[in-house]
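# Take this sequence and fold it.
(chains A and B)
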Amino acid sequence: MLVVLSVAIMVVDARFTLLKPVRSQMSLVLMQSYWIADLPERLYQGVASQFGSRTELAAENEKLKTENLLLQGRLQKLAALTEQNVRLRELLNSSALVNEKVEVAELIGMDPNPFTHRIIINKGERDGVVLGQPVLDARGLMGQVVELMPYTSRVLLLTDTTHSIPVQVNRNGLRAIASGTGNPERLELRHVADTADIKEGDLLVSSGLGQRFPAGYPVATVKEVIHDSGQPFAIVRAVPTAALNRSRYLLLVFSDGRSPEERAADAAQQQESLDRQAADPAAVPSATVPGAAPAATPNKAVVPATVPKPAGHSASSTPANANANSAPAPATAAPAATTPAKPATSKPSAKPAAKPAATRPATPAATPAAPREREE
Amino acid sequence: MARHAPARNGWVVWLTFAIGLLLSVSPLPQFMEIFRPLWLALLLAFWALALPHKVGMVTAWMLGLAEDVLYGTLLGQNALILTLITFLVLSLQQRLRMFPMWQQCLVLLVIFGLAQLVQLWLSALTGNRQPTLALVLPALVSALLWPWVSYGLRGLRLRLKIN
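Model prediction:
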């Protein structure tokens, strides 16, 4: 009878979400055992840092200072590059890059099954982690969240045999798919043409095409490329840049929750309102509020959607309103720029709006203002 | 085995199970992960032999569920396997108790091996099949550990008069 029961709940667990609450309640208690099992390591580190000698600490401090200096230097350059990137993207009329937030999580356990590469981290549903969220370490992408529990979550690493990630060669943009091999030091690129321009030492970065991982994070470096005339494709092996089996502190990436379509819809809507302004510049003060009422209804319907969204967006909407007093032109653009996630209301208006976007260069003065609002 | 004496010190059984759960997730060096013994199965086998009126298939099933949550497998997978192990041990109970230690080891090796094979089938059904037969190794290690677990727990049981 118990056998039947086990089989039954296995099927239910595999097919439906009925047992999720049960699982999460049980995990609340049971996940403590990972924490306890991790305790000796934690204690050892605590003791080690307590008794670390003065000279060692001084040396480490020195090292960190120089490293900090180097990173600061690089950061200055990065700011300029980011700015330039935004400007170039505006020229290309493509949607703006969105800044991602990160949060530090700590590894608390490894999956006991040696054939799967999964780890357990100390941030869970209550910390705002979502399913499929990308996880990084200091050197590159590590994997994605596959199971949520209240205060912990399980992360599937890149090298698991069931995991694949779309990548591109940093040098020339060649796209490929990197699959895990079950070996923590090895990824394999599938279906790379024998003549493809890829060679040893190439850096592979995430291409963002799977819409799961953000684009542009380092994933692996190519270790060897084997051209075997008996094989239809080249065999490309790569080593993950992240220290998959050594990192203890990880970064959870919080990108905005919008899909590319929603993002495009928002951008298009913003564009539409800009175009409308450019069309009748004379009527600016009156037209922005009541005059354009029939056309502006989609906008108005969406604006309240910003209210439930926490801090970041509502904060950025205040400077936008301040702008509205001094320069009336970007006034309607700004609220549109702060409408973030709600897709349902904005979608109908998106399709017709996509075409007027081509007339963008006509309003050069207003355009730079809008995307930057979102960057902040 | 004094079956009529009042039950006491039953919490020790649960304590050993809790320790077993901890051991089954404790970090091991990479190369030893393959050899991780089936701690819960060992404990269950011992207590099912020693206290069959107390530790049975329902206990095994619940422990299996706990293990499923810990491992992130489908709920019920390990429960099924631990129930299977307990069922086999209980059905062989009368004979197993008479066997010398090495023979017990052999029988348990077969039982654990069967359980691991069922594990393989189940994980193949759920889509993450392990590539090798290396998963029979834990059964071997567990069978080799059996004498120590058995003697240790028997000493504990006699000292605390658990029944």
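
# Do any residues in the strand or helix carrying A:Gln25 lie close to chain B?
Counting by DSSP states H and E, the element that carries A:Gln25 is helix A:20-30. Yes: applying Cβ under 8 Å from any Cβ of the partner chain, one finds helix A:20-30 touching chain B at A:22-23, A:26-27, A:30. C-beta: built from backbone N, CA, C; applies to glycine.

# Next secondary structure element downstream of that helix?
Criterion used, DSSP H and E; the element after helix A:20-30 is helix A:32-37.

# Any chance you could list what contacts that next one?
For helix A:32-37, the surrounding residues in contact (Cβ atoms under 8 Å, 6 or more residues apart in numbering or on different chains) are A:108-109, A:120, A:122, A:152, B:18, B:21-22, B:25-27, B:70.

# ok, now which ones touch the residue nearest to the spatial centre of chain B?
Centroid check for chain B by Cα atoms, centre = their mean gives B:Ala41 as the closest residue, at 0.9 Å. B:Ala41 makes contact with B:81-82, B:85, B:112, B:115, B:142, according to Cβ under 8 Å, 6+ apart.

# Please repeat the previous calculation with a cut-off of 7 Å.
By Cβ atoms under 7 Å, 6 or more residues apart in numbering or on different chains, B:Ala41 lies in contact with B:82, B:85, B:112, B:115, B:142.

# CSV for those residues, including pLDDT?
Listed next are the contacts of B:Ala41 as CSV, based on pLDDT from 0 to 100:
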residue, pLDDT
B:Leu82, 91
B:Ile85, 91
B:Phe112, 92
B:Ala115, 91
B:Ser142, 91
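
# Closest to chain A out of those residues?
B:Leu82 (9.4 Å; Cβ to the nearest Cβ).

# Indicate whether the strand or helix carrying the closest one makes contact with chain A.
Using DSSP H and E, B:Leu82 maps to helix B:77-91. Yes: shown here: helix B:77-91 in contact with chain A (Cβ under 7 Å from any Cβ of the partner chain) through B:77, B:79-80, B:83.

# thinking again about what came up before, are any of the residues of helix A:20-30 next to chain B buried, and which?
Among those, those buried by neighbour count (16 or more other Cβ atoms under 10 Å in any protein chain shown) are A:23, A:26-27, A:30.

# which residues of the chain fall in helices?
Chain wasn't specified; assuming chain A. A:2-15, A:20-30, A:32-37, A:39-50, A:54-92, A:260-279, A:284-286, A:293-302, A:311-326, A:333-337, A:343-353, A:369-375 (DSSP state H).

# try again with chain B
Applying DSSP H to chain B gives helices spanning B:10-25, B:39-50, B:57-71, B:77-91, B:93-98, B:101-125, B:137-160.

# Including distance to A:Ser247, could the ones you listed go into TSV?
Shown next, in TSV, are the helices of chain B (distance: least, Cβ to Cβ, whole Å):
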stretch	distance to A:Ser247
helix B:10-25	19
helix B:39-50	28
helix B:57-71	22
helix B:77-91	29
helix B:93-98	46
helix B:101-125	27
helix B:137-160	27
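
# Which one, of these, ends up nearest to A:Gln133?
Among the helices of chain B, the nearest to A:Gln133 by Cβ to Cβ is helix B:57-71 (20.8 Å).

# other SSEs contacting that closest one?
helix A:2-15, helix A:20-30, helix B:10-25, helix B:39-50, helix B:77-91 (3 or more Cβ pairs under 7 Å, 6 or more residues apart in numbering or on different chains; DSSP states H and E).

# run the last query once more with 6 Å
Applying 3 or more Cβ pairs under 6 Å, 6 or more residues apart in numbering or on different chains; DSSP states H and E, one finds that helix B:57-71 contacts helix A:20-30, helix B:77-91.

# in it, what counts as buried?
Quick answer for helix B:57-71 (16+ other Cβ under 10 Å): B:57, B:59-61, B:63-71.

# Could you do stretch A:123-131 as well?
A:123-125, A:129.

# Stretch A:29-39 now?
Quick answer for stretch A:29-39 (16+ other Cβ under 10 Å): A:30-31, A:33-34, A:37-38.

# What parts of chain B come near chain A?
With Cβ under 6 Å from any Cβ of the partner chain as the criterion, chain B meets chain A at residues B:21-22, B:25-27, B:33-34, B:57, B:61, B:66, B:69-70, B:72, B:74-77, B:79-80, B:83, B:128, B:130.

# Is there a quick PyMOL command that grabs whichever of those are buried?
A single PyMOL command selects the buried members of those (16+ other Cβ under 10 Å):
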select buried, chain B and resi 21+22+25+26+27+33+34+57+61+66+69+70+72+74+75+76+77+79+80+83+130
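
# Near chain B, which residues of chain A? Just list them.
A:2, A:6, A:9-10, A:13-14, A:19, A:23, A:26-27, A:30, A:33-34, A:36-37, A:110, A:112, A:114-115, A:147, A:154, A:162.

# 8 Å - rerun?
Going by Cβ under 8 Å from any Cβ, the residues of chain A near chain B are A:2-3, A:5-10, A:13-14, A:19, A:22-23, A:26-27, A:30-31, A:33-34, A:36-38, A:41, A:109-116, A:118, A:147, A:154, A:161-162, A:182, A:184, A:245.

# And those, which of them are buried?
Using 16+ other Cβ under 10 Å, the buried members of those are A:2, A:6, A:9-10, A:13, A:19, A:23, A:26-27, A:30-31, A:33-34, A:37-38, A:109-116, A:118, A:147, A:154, A:161, A:184.

# Tell me where chain B is predicted with low confidence.
Across chain B, the ranges flagged by pLDDT under 70 are B:1-7, B:128-132, B:163.

# please redo it, this time with the cut-off set to 90
Scanning chain B for pLDDT under 90 picks out B:1-14, B:18-39, B:49-59, B:61-62, B:64-80, B:93-98, B:101, B:116-139, B:153-163.

# quick one on the thing from earlier: out of the contacts of B:Ala41, which is most surrounded?
Greatest neighbour count in these, by other Cβ atoms under 10 Å in any protein chain shown, goes to B:Leu82: 29 neighbours.

# didn't that residue look like it was pressed against B:Gly64?
Yes: the criterion here is Cβ atoms under 8 Å, and B:Leu82 meets it with B:Gly64 at 3.9 Å.

# circling back to that earlier point, which among the buried residues of stretch A:123-131 gets closest to B:Pro147?
After measuring those against B:Pro147 - Cβ to Cβ - the closest member comes out as A:Gly124, at 41.0 Å.

# Identify the nearest residue to the closest one in space, disregarding sequence-adjacent positions?
Spatial nearest neighbour of A:Gly124, chain neighbours left out: A:Tyr151 (4.3 Å); criterion: Cβ to Cβ, 6 or more residues apart in numbering or on different chains.

# List the contacts of that neighbour.
With Cβ under 8 Å, 6+ apart, A:Tyr151 has these contacts: A:28, A:31, A:122-127.

# need these in CSV with pLDDT, can you?
Converted to CSV, the contacts of A:Tyr151 look like this (pLDDT from 0 to 100):
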residue, pLDDT
A:Leu28, 79
A:Met31, 78
A:Asn122, 87
A:Lys123, 87
A:Gly124, 87
A:Glu125, 85
A:Arg126, 85
A:Asp127, 86
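
# and the closest residue to chain B within the stretch 51-200 of chain A, what does it touch?
Closest contact between the stretch 51-200 of chain A and chain B, by Cβ to the nearest Cβ, is at A:Pro114 (3.5 Å). Residues counted as contacts of A:Pro114 (Cβ under 8 Å, 6+ apart) are B:30, B:33-34, B:36.

# need the contact list for the closest residue to A:Ser247 other than its chain neighbours.
Excluding its sequence neighbours, the residue lying closest to A:Ser247 (Cβ to Cβ, 6+ apart) is A:Asp137, at 4.0 Å. Applying Cβ under 8 Å, 6+ apart to A:Asp137 gives the contacts A:242-243, A:247, A:249-251.
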